[in-house]
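# Got a predicted model here, sequence first, then my questions.
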Amino acid sequence: MDENKGWKIIQIIPAQVGWKAVHCQESENRQIKIFNRAIICWALVEAVGESDAARTQPRGIEQESNRLVVVEDLINTEEIGKDGMDPNQYFLGYDDPEAHKESDYWIKQAEARLKREREKRSKKMN
């Protein structure tokens, strides 16, 4: 687990059953897909290579394919498709098992996140 790029795991703490990391992605037909990945445990992590003084933060540990990874803001780093479709998966937040946020909440979060990412790309291109 400590092979995650950019993070040094300081401490691992068990996660209550039901916690999820919620990610979004734009599908080929421009629909929003929401992904829920179970939080296996929580970790106190420190960013590796930070120029500022070492800062620790809690992060979820989720299963991605056949490995455990620290929940990151951006899951994939593929380039934007020719049609402008964004294949990246973006982290939206943690879903608390007691809150049970509705899918409408996550769709709105995803729409806002994808819009911000498009605006960032547009500014970089200009």
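Noted; the coordinates are in hand. Residues are numbered from 1 along each chain as shown.
# from here on, contacts and neighbour counts on C-alpha atoms
Will do.
# Okay, strands next: where are they in this structure?
7-14, 20-26, 32-47, 56-64, 67-70, 90-95 (DSSP state E).
# and the fourth one with strand 7-14, angle?
If you take axes from the mean of the first three to the mean of the last three CA atoms, to 10 degrees, strand 56-64 sits at 80 degrees to strand 7-14.
# for the third one, same thing?
Compare the direction of strand 32-47 with that of strand 7-14 by the same axes, to 10 degrees and you get 100 degrees.
# any chance of the strands of the chain in CSV, plus distance to residue 107?
Below are the strands of the chain laid out as CSV (distance: least, CA to CA, whole Å):
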stretch, distance to residue 107
strand 7-14, 29
strand 20-26, 8
strand 32-47, 7
strand 56-64, 21
strand 67-70, 23
strand 90-95, 10
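# Most tightly packed of those?
Across those, the average number of neighbours (mean count of other CA atoms under 10 Å) peaks for strand 20-26, which reaches a mean of 22.
# so what secondary structure elements neighbour that one?
Strand 20-26 sits against strand 32-47, strand 90-95, helix 103-125, with contacts defined as 3 or more CA pairs under 8 Å, 6 or more residues apart in numbering; DSSP states H and E.
# Name the residues of stretch 102-116 that are buried.
For stretch 102-116, the neighbour count (16 or more other CA atoms under 10 Å) marks 106, 107, 109, 110, 113, 114 as buried.
# before we move on, the earlier item: using CSV, lay out the strands of the chain together with distance to residue 121 and mean pLDDT.
Formatted as CSV, the strands of the chain follow (distance: least, CA to CA, whole Å; pLDDT from 0 to 100):
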stretch, distance to residue 121, mean pLDDT
strand 7-14, 26, 92
strand 20-26, 15, 91
strand 32-47, 18, 92
strand 56-64, 26, 90
strand 67-70, 25, 88
strand 90-95, 14, 92
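# which residue sits closest to the spatially most central residue of the chain, ignoring its sequence neighbours?
Nearest to the geometric centre of the chain sits residue 91, at 2.5 Å (CA atoms, centre = their mean). Of all residues not flanking residue 91 in the chain, residue 23 sits nearest, at 4.3 Å (CA to CA, 6 or more residues apart in numbering).
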